[in-house]
Each structure stands twice: as C-alpha cells, then as structure tokens.
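Undergrad: this one's structure only:
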C-alpha cells in the first residue's frame, strides 16, 4: 500500500493517536496486575518490580536514539519497527513461563514503545504547523490521558476475569494493529542524512541503563555495596563520555544546543517533574491497596481512576487557557503545584482502610496537574525547535519523561523497601510486604508510603519555582518562537485539523 500524501493530515493524526492511546494504557495497566503476577510466578522484590521498571528503563534509554534515527532514516520506518518490537515483547509477556522471561519480554517491548512514542511525536510536529500543530498536540495529550486513565480499570477487569496474561494479550494485539496502521503514515526525514553517531548512542544507552540499574538495586544489595556503586559510577562516567562525544561530533545524536536553550530546558525540566509527581503513585498504589486494604484488582483500578480520569479533559483545558492569553509558564507552575499538593494530601490520607472516598480528592489533584501539563509541554518545546530537529527534540522529551519515570519507579520502590526493612529487620518479610502479600504489616507499609510521597511533594514545590524562573520572559533567546506558539489563538473550536 502506498502511503498517503502529507495533504491528508487527519488520517496521519488518527494513526499516531492510536499508538498514544494503547501504549500509556498498557503502561499504567500493568501495575494493577503485579500482585497476581507475583502470586502466579512466585515472584517478589526486584524481580517483580522489573516487570514495570524494565519497560520504563528500556524505553527511556532508547527514546532519544529512536527520535534521532527517525530524523535520519525515516520517522515512519522507525515508528513501524518500534511497533513490531512492542507487539513481539508484549505477546511474549503474555506467554512468559517465569518472571525472568517476563522481565526480558517487557524490556524488548520498552524499546519498541520508545520508537513508537518518539516517532509519533516527531511525525505530528512534521506534518502540522502553527495552530494546527497546537490542536494536534492537544489531541495527543488528551488521547494519552485517556490511555493513562482507562489502563488500570481495563486491566483490572481483564485480570479479575481472565487472569493477568489476558491483559498483555490485548495490548499485544493493539501493537500489531499499530504496525499495520503505520503504513498509512507519510514518510519524512531530515533533509541531510549524516552518519549515525555510534559512540554517542552506545555511551548514552549504556550510561543511562547502568544508572537506573544501580538505583533499582539499592534496596536489594545496600546503597554502599559494590553491586550498586560500580554500576552507579560506571553510568555517571559513561554519561560524561556521552557529553564529551556530543561536543566534538559533527553528527551528534543530541545537539547540546537544545539543552543550553533555556526555554526548551524549562519545558524539559517541567516534563521530568510532572512525570515524577505521578508515576510512583500510578505504579505502586494498586499494590498497596490490594495488599493492605484487601481490594480486588478491579477495585484498585477504580480508585486509580481518580488520578487518571482528569487527563481526559485537562489537556484540552490547558490548551484553551494558553490560547486565551494565560502565559504557558504560569500553566506549568500551577500544574506542578497542584501535583505537589496532591502528593502531600495523599500522605495525610493514606491508611490501610482508606478507600475511594478518602483518596479521591488527593488523587484528583495529582491527575489535574498531570492533565494540564500533557500536550502543552510538546506544543511549547517543539514549537521552538527547527523542523529538522523535531525528532531529536521529541526523543529528548520522551527520554526525560521515561528516564524520570524509570528513576522514580526504581527509587520509589527502593525507598519503600528500605524504609519497611528498617522497621521489620527481615529482608524476606519486607519483599512480601512491598509485593502486597503481608497485610498484617500494613502499618509499616503505610508509614513508608507517607514518608516517600511527602518527600516527592517537597521536591515538586521546589521544581515549580525552578521551571517558572527558567521560562520567565526575556531569559532566553527562544522566547520568540515559544511566545508565538503560546499566544496563538485557535481559529475554530475543533480539537483536530480538518481535512
């Protein structure tokens, strides 16, 4: 089948939106299945945590590379390859006989997911311009929000009715459909195709992977053990090598001028901390609710809907507010502060018998902050980037989000284990507690949760101030392009461009 001409942008948008719906749905839905996976495969601790962390680590380590390779070899080609890997990894997860195979399959799916997400963002930024691009990214944010919102509930129904393997099977089929639909996307690439920056790719992927592995292993091996310090120092050294390589390369996988641009960096930092403020709750709260309150997978998914439902509507709300004159930097400030307030309130509300009524308000605050930021970050950041670098910029945004998500998941889980272990003094018992399998120790688990989310709230409040200062008017040479995007008014109320 011959791909359509770029004059059919709506069809391209619909295909990309299907990926932005399916992948976030599968990501948040997996957390609901973790307790049953642990019981069925006799897994707990780091091995069980890697079902989620492995996906995020692989996705964040390769997203920047995927975006840059799309600029070089074709964004549709990279998008299709990513869909193939994602479908293979998720279908392999459904058939996994043990947790080790499951972790490997999820890691493969993460690599594919990185290419789908980075390629999709670059395709949107290439096909659309001006107000149409803003509307398209608002649709992307809303669609991703729908995926995030419905993932836990759908997976809860599937896990409760058909078992945890069925949830992977459904998303594997979705990945296959993404692969087929990708043929409808027009191909695009940068005008100049330099050589692949192999030293940059290798040092970045290896450095980020080692760093995240060290964080994940902290609670298992001890934060001062060789098993943690060696990969931690090795990862930092490789990332330093990556920076040195990119400074000297005439074809860098990451043009460091992107990071030096204060406007782009402000949105990049905003993306990191918005993700950090919600991903720990989305991933670990279902296990807490099932392990301490005795909720079913369906019940935990329903509670989590309070944190994800606001993303149905608030990406569009954020876009409307900016289009009507609200400075985008004020919007991201408010989003970060709402997320901080939600985490602090959650720390006060958490209890073993806490249910939907008690947790709804703090979770709604977290979801509202997340929803306001979704879509606007891409609109503002990519609006200040030259067309030939949108794949790189989209990949860097995805890497920042995915890296923040993976680090927060690893750190969140490690801190919970460390804090519970300090109370129980028994590493084996602690693994059972944090896997949701020891309800008699719900008090220790609750104390650890309250400390962790309180710390996240404080960090988010500081991050809100930092981002607001980075984006202040006159602070960066990118204010011109950014402002032109921020202040554009939509000529019609349609959420997507017409054909």
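TA: Sure, I can see it. Predicted model, so just to flag it, every value in this text is computed and none were measured. Numbers count the residues shown, from 1 in each chain.
Undergrad: Could I get the average pLDDT for the helix ranked longest in the chain?
TA: In the chain, assigned by DSSP state H, the helix with the most residues is helix 390-424. Summarised as a single mean, pLDDT over helix 390-424 is 72.
Undergrad: which strands and helices sit next to that helix?
TA: Contact partners of helix 390-424 among helices and strands, from 3 or more CB pairs under 8 Å, 6 or more residues apart in numbering; DSSP states H and E: helix 45-73, helix 99-127, helix 198-221, helix 257-260, helix 262-292, helix 376-382, helix 427-434, helix 442-470. Glycine gets a C-beta too; all of them are placed from N, C-alpha and C.
Undergrad: Just send those back as a markdown table, with distance to residue 418 and mean pLDDT too.
TA: Shown next, in a markdown table, are the helices and strands packed on helix 390-424 (distance: least, CB to CB, whole Å; pLDDT from 0 to 100):
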| stretch | distance to residue 418 | mean pLDDT |
| --- | --- | --- |
| helix 45-73 | 12 | 75 |
| helix 99-127 | 22 | 85 |
| helix 198-221 | 5 | 76 |
| helix 257-260 | 32 | 74 |
| helix 262-292 | 14 | 81 |
| helix 376-382 | 32 | 77 |
| helix 427-434 | 9 | 59 |
| helix 442-470 | 8 | 87 |
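Undergrad: Could you export those to TSV, including columns for mean neighbour count and distance to residue 348?
TA: Formatted as TSV, the helices and strands packed on helix 390-424 follow (neighbours: other CB atoms under 10 Å; distance: least, CB to CB, whole Å):
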stretch	mean neighbour count	distance to residue 348
helix 45-73	26	26
helix 99-127	26	34
helix 198-221	21	25
helix 257-260	14	37
helix 262-292	25	14
helix 376-382	27	29
helix 427-434	20	21
helix 442-470	19	8
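Undergrad: List just the one of those that sits closest to residue 185.
TA: Closest to residue 185 of the helices and strands packed on helix 390-424, according to CB to CB: helix 99-127, at 6.1 Å.
Undergrad: got the angle for the helix or strand just after the closest one vs helix 262-292?
TA: Proceeding N to C from helix 99-127, the next assigned helix or strand is helix 130-162, under DSSP states H and E. Angle, helix 130-162 to helix 262-292, by axes from the mean of the first three to the mean of the last three CA atoms, to 10 degrees: 10 degrees.
Undergrad: For helix 130-162, what is the distance to the chain centroid?
TA: 12 Å (CA atoms, centre = their mean, to the nearest Å).
Undergrad: and the angle for that helix with helix 99-127?
TA: Going by the same axes, to 10 degrees, helix 130-162 makes 160 degrees with helix 99-127.
Undergrad: If you count contacts, what does helix 130-162 end up packed against?
TA: helix 9-41, helix 99-127, helix 164-181, helix 262-292, helix 297-308, helix 314-323, helix 356-373, helix 376-382.
Undergrad: average model confidence for that helix?
TA: Regarding helix 130-162, the rounded mean pLDDT is 74.
Undergrad: circling back: between the helices and strands packed on helix 390-424, which one is closest to residue 82.
TA: Closest approach to residue 82 among the helices and strands packed on helix 390-424 is made by helix 99-127 (2.4 Å; CB to CB).
Undergrad: elements contacting that closest one?
TA: helix 9-41, helix 45-73, helix 75-94, helix 130-162, helix 164-181, helix 376-382, helix 390-424.
Undergrad: circling back to that earlier point, possible to save the helices and strands packed on helix 130-162 as TSV with distance to residue 464?
TA: Compiled in TSV, the helices and strands packed on helix 130-162 are given as follows (distance: least, CB to CB, whole Å):
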stretch	distance to residue 464
helix 9-41	24
helix 99-127	24
helix 164-181	34
helix 262-292	8
helix 297-308	19
helix 314-323	15
helix 356-373	10
helix 376-382	14
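Undergrad: Relative to residue 456, which of those helices is closest?
TA: Nearest of the helices and strands packed on helix 130-162 (CB to CB): helix 262-292, 6.3 Å.
Undergrad: returning to that earlier point: for residue 57, which of the helices and strands packed on helix 130-162 is the nearest?
TA: helix 99-127 (6.8 Å).
Undergrad: Give me the angle between that closest one and helix 45-73.
TA: Between helix 99-127 and helix 45-73, the angle comes out at 30 degrees (the same axes, to 10 degrees).
Undergrad: Check whether residue 60 really touches residue 114, as I assumed.
TA: Yes - because the distance of 7.4 Å satisfies CB atoms under 8 Å, residue 60 is recorded as touching residue 114.
Undergrad: Switch the helices and strands packed on helix 390-424 over to JSON lines; also include distance to residue 359.
TA: Shown next, in JSON lines, are the helices and strands packed on helix 390-424 (distance: least, CB to CB, whole Å):
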{"stretch": "helix 45-73", "distance to residue 359": "21"}
{"stretch": "helix 99-127", "distance to residue 359": "28"}
{"stretch": "helix 198-221", "distance to residue 359": "25"}
{"stretch": "helix 257-260", "distance to residue 359": "38"}
{"stretch": "helix 262-292", "distance to residue 359": "8"}
{"stretch": "helix 376-382", "distance to residue 359": "27"}
{"stretch": "helix 427-434", "distance to residue 359": "19"}
{"stretch": "helix 442-470", "distance to residue 359": "12"}
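Undergrad: Show me the one of the helices and strands packed on helix 99-127 that comes nearest residue 109.
TA: Per CB to CB, nearest to residue 109 of the helices and strands packed on helix 99-127: helix 75-94, 2.8 Å.
Undergrad: and the angle from the closest one to helix 164-181?
TA: Using the same axes, to 10 degrees: helix 75-94 against helix 164-181 is 160 degrees.
Undergrad: Now do helix 75-94 and helix 9-41, the angle between them.
TA: Interaxial angle of helix 75-94 relative to helix 9-41 (the same axes, to 10 degrees): 20 degrees.
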